[in-house]
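Peer 1: Test case, fold it:
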Amino acid sequence: MSKKASLYKDSKVTCACGSSFETKSTQDEIHVEVCSECHPFYQGKQVNRKSKAGQIEKFNKKHGIEN
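Peer 2: Residues are numbered from 1 along each chain as shown. Coordinates of the predicted model:
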C-alpha cells in the first residue's frame, strides 16, 4: 500500500437534509449543506421550464428558425 493510499480512510458524509453516505477521506466525518438527494438540479425539479420554452420559441421566431 502506498503512503498516499494509507492517508484515506472510510468517512461518513452527512447532509443537512439527513441523508448520509460513505466515502474515502482524510477526515472521519464530513457535514454538508446540500447533497444530491436535496439539490433541485439533481432531483430534476428545475424551475421555470415554461418560461424557457417561451424564450426558445421567441428566439426561433426572431431568427426564422422552423422546428
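Peer 1: how near is residue 33 to residue 26?
Peer 2: 20 Å (CB to CB, to the nearest Å). (Each C-beta comes from the backbone N, C-alpha and C, glycine too.)
Peer 1: ok so residue 11 is a strand residue?
Peer 2: Yes. With DSSP: H, G, I helix; E, B strand; the rest coil as the criterion, residue 11 is part of a strand.
Peer 1: For the nearest residue to it once chain neighbours are set aside, give me its contacts.
Peer 2: Once flanking residues are discounted, residue 11 sits nearest to residue 25: 4.0 Å by CB to CB, 6 or more residues apart in numbering. Going by CB atoms under 8 Å, 6 or more residues apart in numbering, residue 25 touches 8-9, 11.
Peer 1: any idea which of those residues has the most stuff around it?
Peer 2: In terms of neighbour count, residue 11 stands highest of the contacts of residue 25 at 15 neighbours, by other CB atoms under 10 Å.
Peer 1: Distance of that one relative to residue 64?
Peer 2: 56 Å.
Peer 1: Tell me which helix or strand in this structure has the weakest average pLDDT.
Peer 2: helix 40-43 (a mean of 66; mean pLDDT, DSSP states H and E).
Peer 1: how would you label residue 38: helix, strand or coil?
Peer 2: Residue 38 is classified as coil under three-state DSSP.
Peer 1: So which residues of the chain form strands?
Peer 2: For the chain, the strands defined by DSSP state E occupy 9-15, 20-25, 29-32.
Peer 1: can the ones you listed go into a markdown table with extra columns for distance to residue 58 and mean pLDDT?
Peer 2: Listed next are the strands of the chain as a markdown table, based on distance: least, CB to CB, whole Å; pLDDT from 0 to 100:
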| stretch | distance to residue 58 | mean pLDDT |
| --- | --- | --- |
| strand 9-15 | 39 | 94 |
| strand 20-25 | 42 | 93 |
| strand 29-32 | 39 | 94 |
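Peer 1: Reformat the ones you listed as CSV; add distance to residue 54.
Peer 2: Formatted as CSV, the strands of the chain follow (distance: least, CB to CB, whole Å):
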stretch, distance to residue 54
strand 9-15, 34
strand 20-25, 39
strand 29-32, 35
